[in-house]
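# Next one to model:
(one chain, ligands or ions: 2)
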Amino acid sequence: MKEKRKIYIFDTTLRDGEQSPGASLTPDEKLKIARQLERLNIDIIEAGFPASSPGEMKAVSMIAENVRKPVICGLSRMIPKDIDACRRALEKAAKKRLHVFLATSQIHREFKLKKDKKEILAMIEREIRSAAKSFKQVEFSPEDASRTERDFLSETVRAAIQAGATSVNIPDTVGYAVPQEFGELIRFLVQKNPGLGKKIALSVHCHNDLGLATANSLAAVLAGANQVECTVNGIGERAGNASLEEIAMTIDTRADFMDCYTDIKLSEITKASRLVSHLTGMVVQPNKAIVGRNAFWHASGIHQDGVLKKRQTYEIMDPKKIGLSGNQLMLGKLSGKHAFGVRVNKLGFRLTAQEMDQAFVQFKALADKKKYIFDEDLEAILQNEIAKIPETWKLVSMKVVSETGTKPCAEIALSYEGKLKKATSTGDGPVDACYKAVEKIVDSKAKLIHYGLQSVTGGKDALGEVLVKLEICGKEVTGRGTSTDIIEASVRAYLFALNKVSANSQRAKGRSCSV
Ligand code: KIV
Ligand code: ZN
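Numbers count the residues shown, from 1 in each chain. Ligands and ions are numbered 1, 2, ... in the order given. Sure, this is the predicted structure:
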């Protein structure tokens with residue numbers, strides 16, 4: 001069997017990633033990320049662009065001094081002043097690399113650089129030859145390579161190698177390439193420059209303007225590239241860069257198909273993703289591959305049932321591999337009894353079959369109102385279910401009108417021993433109006449001693465929990481109600497307390513109280 005090739009991971013989160021609009025980092029924050037990249041076992045960290053600002057110079061120097069395992073790289077235009085800034089910034093690095101770039105495509109030559117092909121080749125030759133005297137590792141990037149005439153691109157690559165470049169990076173600067181075409185370009189360059197991808201590292205750097213950065217990078221790897229430039233969470237200029245986690249996890253997950261491996265410590269991926277998101281303030285989209293919040297959540301009942309029977313039915317990666325504790329069966333309206341029962345047991349509740357059926361009905365009713373049911377929601381349902389007391393007074397309907405400048409008015413309908421009873425009342429607030437309407441029906445003469453409201457779960461559709469303490473017939477009794485509607489939760493809590501009194505008095509076989 002053919003031995004697998006190592007793919008070097010060149011992380012540019014701190015350079016191209018930081019170019020994301022609004023993602024600027026302080027030198028201390030950059031150092032924190034660099035340390036996490038070291039724990040991820042990144043081969044080369046592009047720490048910044050030292051000539052661009054004093055802050056960048058400081059950040060790259062700090063990383064060079066403190067992060068010792070990976071190669072630390074600095075970016076530079078093809079000009080002596082930038083190369084010198086990299087030299088100074090990387091002075092204390094244990095292993096260092098200079099990354100010089102120069103645009104080669106016709107549009108860049110003509111409109112941006114105003115230089116012809118000959119001048120471009122001369123610059124490459126001169127600056128790389130000079131830089132190679134003080135850097136053992138020099139990487140050359142022909143910017144906008146994917147839109148450069150192929151033969152000229154190959155000439156620039158040859159010139160760079162002859163001048164002393166130790167790696168050549170082919171950027172798809174504007175995310176224009178498509179995978180098959182980009183793979184062919186890499187094959188063409190390898191064929192024209194033997195040794196590329198072997199003695200001379202052959203790297204790719206893909207942008208995501210068409211959403212193809214990962215696909216293009218992998219097509220290049222299959223065509224002979226042995227280094228991939230990427231960023232954590234795929235952040236970067238405009239639509240971003242190829243995402244590190246997608247590259248590493250594809251190579252790992254499809255080891256059966258890929259002829260290569262990386263040395264990335266996959267279990268550090270989640271931590272790296274969260275750290276970068278936290279420090280840059282760039283929120284990871286929920287459906288982002290590998291690191292999005294939903295990447296290992298199963299919502300469909302059919303999928304949940306499948307995953308519970310055999311994880312691999314709907315999961316191609318083990319979430320534990322990237323440092324998550326496990327998958328999540330996201331309970332919601334599509335969930336079936338299987339997933340519901342498993343979660344109930346996991347939460348430590350032991351229900352009889354009848355209790356389970358009743359709780360499941362309540363769960364479905366809540367799921368119709370609330371998109372996702374979290375553990376806290378379930379606990380609220382289950383505690384009510386377990387502490388079930390007969391619903392002597394049952395809420396049938398409620399209507400509350402609360403307008404600025406007028407007293408709120410509530411219309412409540414309760415059922416009692418099969419009969420419907422209705423009342424309307426105004427109050428100082430909507431809850432007060434409801435409680436007064438309930439009292440008109442029940443006439444318990446309850447005194448409200450305490451009222452507390454808290455949100456059981458987060459989010460706009462959070463479940464509100466109301467706890468009340470009533471004094472009825474000289475005794476204190478508590479009630480609790482939950483609902484996504486806090487007024488309804490308040491009424492339910494009140495009725496719960498009344499029903500407790502009713503249950504106790506019936507148990508005592510005497511109606512000592514009007515409830
Ligand atoms: O996208 C690009 O071309 C770059 C170069 C500096 C490599 O970021
Ligand atoms: Zn780039």
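# Can you report how many residues lie near T104?
As a burial measure, T104 scores 26 neighbours (other CB atoms under 10 Å). No exception for glycine: its C-beta is placed from N, CA and C like everyone else's.
# And C473, by the same measure?
Neighbour number of C473 under other CB under 10 Å is 14.
# I'd say it and L498 touch.
No. Contact criterion CB atoms under 8 Å: C473 and L498 do not qualify, at 11.4 Å.
# Surely Y314 and H303 touch.
Yes. With contact taken as CB under 8 Å, Y314 and H303 are classed as touching, separated by 4.6 Å.
# Any residues of the stretch 151-300 of the chain in contact with ligand 1? List them.
Contact residues, the stretch 151-300 of the chain versus ligand 1 (CB under 6 Å from any ligand atom): N169, P171, T173, H205, H207.
# per-domain residue ranges of this protein.
By the assignment in automatic domain parsing, the chain contains the domains 5-280, 297-386, 393-507.
# For stretch 333-353, buried residues please.
Within stretch 333-353, the residues scored as buried using 16 or more other CB atoms under 10 Å are K333, S335, A339, F340, R343, V344, F349, L351.
# With secondary structure and pLDDT added, can I get those in CSV?
Compiled in CSV, those are given as follows (DSSP: H, G, I helix; E, B strand; the rest coil; pLDDT from 0 to 100):
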residue, secondary structure, pLDDT
K333, coil, 89
S335, coil, 92
A339, helix, 92
F340, helix, 92
R343, helix, 87
V344, helix, 87
F349, coil, 77
L351, coil, 82
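# just those now: which is nearest A93?
R343 (50.2 Å; CB to CB).
# Just grab the bridge partners of the residue in the stretch 201-350 of the chain that ligand 1 sits nearest to for me.
Closest contact between the stretch 201-350 of the chain and ligand 1, by CB to the nearest ligand atom, is at H205 (4.9 Å). With DSSP bridges as the criterion, H205 is bridged to P171, E229.
# so it sits right up against N241, yeah?
Yes. Assessed by CB under 8 Å, H205 is found in contact with N241 at 7.3 Å.
# Any chance you could list residues touching both of those two?
Each of T12, D16, E229 lies in contact with both H205 and N241 under the rule CB atoms under 8 Å, 6 or more residues apart in numbering.
# tell me the phi and psi of I200?
phi -100, psi 120 (degrees, to the nearest 10).
# got it, and L453?
phi -130, psi 130.
# how about the nearest residue to it once chain neighbours are set aside, secondary structure?
Spatial nearest neighbour of L453, chain neighbours left out: V466 (5.2 Å); criterion: CB to CB, 6 or more residues apart in numbering. Using DSSP: H, G, I helix; E, B strand; the rest coil, the structure places V466 in strand.
# distance of Y261 from K136?
Computed as CB to CB, to the nearest Å, the Y261 to K136 distance reads 25 Å.
# Next: P179.
P179 sits 33 Å away from K136, going by CB to CB.
# So these two - more neighbours on which side?
P179 (18 against 12).
# Now do the strands in the stretch 1-150 of the chain.
Applying DSSP state E, counting those that start in this stretch to the stretch 1-150 of the chain gives strands spanning 5-6, 8-11, 44-48, 71-77, 96-103, 138-143.
# Among those, show me which one is buried the most.
Burial among the strands of the stretch 1-150 of the chain, expressed as mean neighbours by mean count of other CB atoms under 10 Å, is greatest for strand 44-48, which shows a mean of 30.
# Which strands and helices lie in contact with that one?
strand 8-11, helix 27-39, helix 54-66, strand 71-77 (3 or more CB pairs under 8 Å, 6 or more residues apart in numbering; DSSP states H and E).
# can you list the ones you listed in CSV and add mean pLDDT and distance to ligand 1?
Formatted as CSV, the helices and strands packed on strand 44-48 follow (pLDDT from 0 to 100; distance: least, CB to the nearest ligand atom, whole Å):
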stretch, mean pLDDT, distance to ligand 1
strand 8-11, 98, 10
helix 27-39, 96, 17
helix 54-66, 97, 14
strand 71-77, 98, 6
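# Adding distance to I251, write the ones you listed out as a markdown table.
Below are the helices and strands packed on strand 44-48 laid out as a markdown table (distance: least, CB to CB, whole Å):
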| stretch | distance to I251 |
| --- | --- |
| strand 8-11 | 10 |
| helix 27-39 | 18 |
| helix 54-66 | 26 |
| strand 71-77 | 20 |
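# Which one of those lies nearest to A433?
Among the helices and strands packed on strand 44-48, helix 27-39 sits nearest to A433 (CB to CB), with 52.1 Å.
# Now do that closest one: which elements does it pack against?
Judged by 3+ CB pairs under 8 Å, 6+ apart, the packing partners of helix 27-39 are strand 44-48, helix 54-66, helix 269-280.
# Using TSV, please lay out those together with distance to A223.
Shown next, in TSV, are the helices and strands packed on helix 27-39 (distance: least, CB to CB, whole Å):
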stretch	distance to A223
strand 44-48	21
helix 54-66	32
helix 269-280	26
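# so which of the ones you listed is the most packed in?
Sorting the helices and strands packed on helix 27-39 by mean neighbours (by mean count of other CB under 10 Å), the first place falls to strand 44-48, with a mean of 30.
# Could you report the pLDDT at D259?
D259 carries a pLDDT score of 96 in this model.
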